[in-house]
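Visitor: sequence? don't have it. structure:
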């Protein structure tokens, strides 16, 4: 009995799925972090311009957007899981 190194690649018949566009699409569709990112970006795009003033520089605008998008990502865990579960129920069954 030989021991496989943990760095050894799996064999071609080892049950690893091929990386296709279809596989990536459905993986992203059922992954809650996809919706967390989308919600965070939407919150950033909607909320950040409300905090700008006329003399706000580009760096400050970018920093505000990133901060608000990160907060939106952090607080959207429960809704994102619900959205992913909804798509799993509707598509897989």
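Guide: Structure received. Here the structure is a predicted model, which means the values were calculated and not measured.

Visitor: Dead centre of this protein: give me the residue that sits there.
Guide: By C-alpha atoms, centre = their mean, the chain has its centre lying nearest to residue 34, at 3.0 Å.

Visitor: hang on, it packs against residue 26?
Guide: No: taking C-beta atoms under 8 Å as the definition, residue 34 is not a contact partner of residue 26, at 11.0 Å. C-beta coordinates here come from the backbone N, C-alpha and C atoms, glycine included.

Visitor: still on that earlier bit, which residues are in contact with the residue nearest to the centre of the chain?
Guide: By C-beta atoms under 8 Å, 6 or more residues apart in numbering, the contact set of residue 34 is 28, 80, 84.

Visitor: my read: the last one touches residue 27, true?
Guide: Same thing as residue 84. No: counting by C-beta under 8 Å, residue 84 stays clear of residue 27, with 11.0 Å between them.

Visitor: And those two? Which one has more around it.
Guide: Between residue 84 and residue 27, counted using other C-beta atoms under 10 Å, residue 84 has the larger neighbour count: 18 against 12.

Visitor: Next, the more buried one: secondary structure please.
Guide: helix (DSSP: H, G, I helix; E, B strand; the rest coil).

Visitor: surely residue 87 meets residue 29?
Guide: Yes: under the criterion of C-beta under 8 Å, residue 87 makes contact with residue 29 at 5.7 Å.
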